[in-house]
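1. Could you work out the structure for the sequence below:
(one chain, ligands or ions: 1)
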Amino acid sequence: MTDTYEHYIDGEWVPGEGPETFESENPATGGTLGEFHRGTPDDVDHAVAAAEDAFEEWRKLSRIERAAYLWDVYHELRDRTDELGEVVTKECGKEISEGKADVVEAAHMVEWAAGDARHPKGDIVPSEIPAKDAYMRRKPRGVTGCITPWNFPVAIPYWHMAIALVEGNTIVFKPAEQTPWCAQIIAEMFADAGLPDGVFNMVQGFGDAGNAIVENDAVKTVLFTGSAEVGHKIQDKLGGVPGKRAACEMGGKNAIVVTESADLDIAVHSAVMSSFKTTGQRCVSSERVIVHTDVYDEFKRRFVDVAESVAVGDPLDEDTFMGPLIEAEHVEKVTGYNELAREEDVTVLVDRTELDDDEVPDGHVDGHWAGPFVYEADAHADLRCTHEEVFGPHVALLEYDGDIEEAVAIQNDTDYGLAGAIIAEDYRQINYYRDNAELGLAYGNLPCIGAEVQLPFGGVKKSGNGYPSAREAIEAVTDRTAWTLNNSKGIRMAQGLSADIKTEY
Ligand code: UN1
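-> So this is what the prediction gives:
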């Protein structure tokens, strides 16, 4: 990439009002991938105005007509999966199978949304009165702001946008500043699909641009996926504003529970996948493994063995399991939490925070590396390291002695409630966990990552308000109308309410 890439507003590529540009960096090498104009609040306001103008025409199309544009995007995502997977890997550092899976997940979401356009919708609702027909309708809410993270730079924008568009909303998209190249390609795909001007707009930039979306009165819905810190600010700002809606999906301090009945092959495999895939940088990644004392020593030995040897390196190399962290500040954050754990007196079992020189691949010394950090801690102690989200390969082993109630109490001892898994062969333990773990996404005998797009995705407690992905996203971007039609010439009311108009004469 050589030019300075632009915003996409009202069907045009524009440099925007601001003088500043920023660069996209390859986190594995520190090299520059491209230069981008930095959007200002004014650019956002232009984009919102364009989206507002486009809304009236766009909402008049049928859902099937709107979905037709998305099928073009779907085919492009499918045809270019390998190429775009490499772009994802280069820009956000996920190893190559994950880079491609990000694009596949995006295609699945577009397929779900566009396919859903032909499905019957709504409910027919009975009435006490035979001549009344009642049914539910959904209407698009209008301009939708989509603020998305870097860790799924293609998939998550489509989680937000595919459904919002099919439902008849128009979009202002503010991608993460770490992954503008992926966002550029997303915008090119919408431009290629020939969406009417103003239906989709993208402003590249930082938090000030995101904030301008949140603060613009014409934006009816904000879809946000990212850090709890930012998500809660958005919820606080919009929570009390009539007519505004914020659907926020944030992080977790997710856990895997391994009971005494567990198959330890499944337990170790699931815990390694959950903790180290994406270098621990999924909002569903697990940073706690809660293990029954009867199987603790064997689990610990096997988990530590893998953590010591798991392949950290060039994410484009198919033999790599973990790529780099996203950026230098994030290495500092993760390193800080690893140091904090030591200060909190945990027992460190594996510390690959700084990789050995021979582990860093040639040409990658300026990458943002940090390997697994594993420790054991008291399951009942009030430690910051076992309660705060690190968003990295930082894992606490927490031993428990007791029944499943005890394990679930430890699992629930967090402000968050996004994802978790139980590894057990005893169905009573599994069912207890299913019914009592405070989670939006719960798994049995599986890693707690890798949800498919047709599942509702989202958390409880501090992790969010449970809207994103599939059906639930439809609720976020539409308003319901309960519609009742009288087919008779007379008016008859329900509940025995008199319809007689009584006069004095
Ligand atoms: C995220 O963790 O930030 O369930 C999103 C998964 C993916 C989405 C993860 N489908 O792991």
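
2. Within range of the ligand, give me the residues from the stretch 201-350 of the chain.
-> The interface of the stretch 201-350 of the chain toward the ligand, taken as C-beta under 6 Å from any ligand atom, is made up of 282, 283, 284. Where you see a C-beta, it was placed from the backbone N, CA and C, and this is true even at glycine.

3. ok, now with 8 Å
-> Where proximity means C-beta under 8 Å from any ligand atom, the interface of the stretch 201-350 of the chain facing the ligand comprises 225, 249, 251, 278, 281, 282, 283, 284, 285.

4. cool, the chain as well?
-> Counting by C-beta under 8 Å from any ligand atom, the residues of the chain near the ligand are 105, 149, 151-152, 155-156, 225, 249, 251, 278, 281-285, 419, 441, 449-453, 457.

5. taking those residues one by one, which sit in helices?
-> By the criterion of DSSP state H, membership of the residues of the chain next to the ligand in helices covers 105, 155, 156.

6. May I have the residues that are in contact with the first one?
-> Meaning residue 105. With contacts taken as C-beta atoms under 8 Å, 6 or more residues apart in numbering, residue 105 has the following neighbours: 152, 154, 155, 453.

7. Could you measure from it over to residue 147?
-> Between residue 105 and residue 147 the distance, using C-beta to C-beta, to the nearest Å, works out to 19 Å.

8. Filter the residues of the chain next to the ligand down to the buried ones, PyMOL style.
-> The following PyMOL selection, which keeps only the buried ones among these, applies the criterion 16 or more other C-beta atoms under 10 Å:
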select buried, resi 105+149+151+152+155+156+225+249+251+278+281+282+283+284+285+419+441+449+450+451+453+457
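
9. Tell me where the stretch 101-250 of the chain has strands.
-> Taking DSSP state E, counting those that start in this stretch as the criterion, the stretch 101-250 of the chain contains strands spanning 124-125, 132-140, 143-147, 170-174, 200-202, 219-225, 245-249.

10. Let me have those in TSV, adding mean pLDDT as columns.
-> Converted to TSV, these look like this (pLDDT from 0 to 100):
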stretch	mean pLDDT
strand 124-125	95
strand 132-140	96
strand 143-147	98
strand 170-174	98
strand 200-202	98
strand 219-225	96
strand 245-249	93
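
11. Output those as TSV; include the columns distance to residue 393.
-> Formatted as TSV, those follow (distance: least, C-beta to C-beta, whole Å):
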stretch	distance to residue 393
strand 124-125	50
strand 132-140	41
strand 143-147	26
strand 170-174	28
strand 200-202	32
strand 219-225	21
strand 245-249	22
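
12. contacting residues around stretch 31-47?
-> With C-beta under 8 Å, 6+ apart as the contact definition, stretch 31-47 has outside contacts at 1, 3-7, 9-10, 14-18, 20-26, 90-91, 172, 174, 180-181, 184, 201-206, 208-209, 211-213, 216, 366.

13. Please indicate which of these are buried?
-> Neighbour counting with 16+ other C-beta under 10 Å marks 5-7, 9-10, 14, 16, 18, 22, 24-26, 90-91, 172, 174, 180-181, 184, 201-205, 209, 211-213, 216 as buried within those.

14. From residue 371, how far out is residue 322?
-> The separation that residue 322 has from residue 371, given C-beta to C-beta, amounts to 7 Å.

15. Now the common contact residues for those two.
-> Shared contacts of residue 322 and residue 371, defined by C-beta under 8 Å, 6+ apart, comprise 310, 312, 393.

16. Would you agree the first one is in contact with residue 322?
-> Meaning residue 310. Yes - under the criterion of C-beta atoms under 8 Å, residue 310 lies in contact with residue 322, with a separation of 6.2 Å.

17. for residue 473, what are its contacts?
-> 159, 160, 163, 164, 223, 247, 467.

18. typo on my end, residue 335
-> With contact taken as C-beta under 8 Å, 6+ apart, residue 335 is in contact with 353, 370.

19. What is the subsequent helix or strand relative to the lowest-mean-pLDDT helix or strand in the chain?
-> Of the helices and strands making up the chain, the lowest-confidence element is helix 470-477, at a mean of 88, by mean pLDDT, DSSP states H and E. Stepping forward along the backbone from helix 470-477, the first helix or strand reached (DSSP states H and E) is strand 478-486.

20. avg pLDDT for that next one?
-> Average pLDDT, strand 478-486: 96.

21. For it, give me every contacting residue.
-> Applying C-beta under 8 Å, 6+ apart, the external contacts of strand 478-486 come out as 125, 127, 129, 131-141, 167-168.

22. so who does the residue in the stretch 401-505 of the chain positioned nearest to the ligand touch?
-> Checking the stretch 401-505 of the chain residue by residue against the ligand with C-beta to the nearest ligand atom singles out residue 451 as nearest, at 3.3 Å. Taking C-beta under 8 Å, 6+ apart as the definition of contact, the neighbours of residue 451 are 284, 419, 441, 457, 469.

23. same deal with residue 139?
-> Residue 139 makes contact with 59, 168, 478, 479, 481, according to C-beta under 8 Å, 6+ apart.

24. For the buried ones among the contacts of strand 478-486, write the corresponding PyMOL selection.
-> In PyMOL, the members of those classed as buried (16+ other C-beta under 10 Å) are selected with the following command:
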select buried, resi 129+132+138+140+141+167+168
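
25. Specify which member of the contacts of strand 478-486 is nearest to the ligand.
-> Each of those was checked against the ligand using C-beta to the nearest ligand atom; the closest is residue 167, at 21.3 Å.

26. Give me the phi and psi for the closest one.
-> Here is the backbone geometry of residue 167 (degrees, to the nearest 10): phi -80, psi -10.

27. Need the pLDDT of it.
-> Reported pLDDT for residue 167: 97.

28. Quick check, it in contact with residue 475.
-> No - Residue 167 is not in contact with residue 475 according to C-beta under 8 Å; the separation is 9.9 Å.

29. circling back: overlap in contacts of residue 310 and residue 322?
-> Taking C-beta under 8 Å, 6+ apart as the contact criterion, the residues that touch both residue 310 and residue 322 are 276, 371, 372.

30. looking at those, which has the most residues close by?
-> For the shared contacts of residue 310 and residue 322, neighbours were counted by other C-beta atoms under 10 Å; the highest total belongs to residue 372, with 27 neighbours.

31. Name the helix or strand for the closest residue to that one other than its chain neighbours, please.
-> Once flanking residues are discounted, residue 372 sits nearest to residue 307: 4.2 Å by C-beta to C-beta, 6 or more residues apart in numbering. Counting by DSSP H and E, the secondary-structure element that holds residue 307 is helix 293-309.
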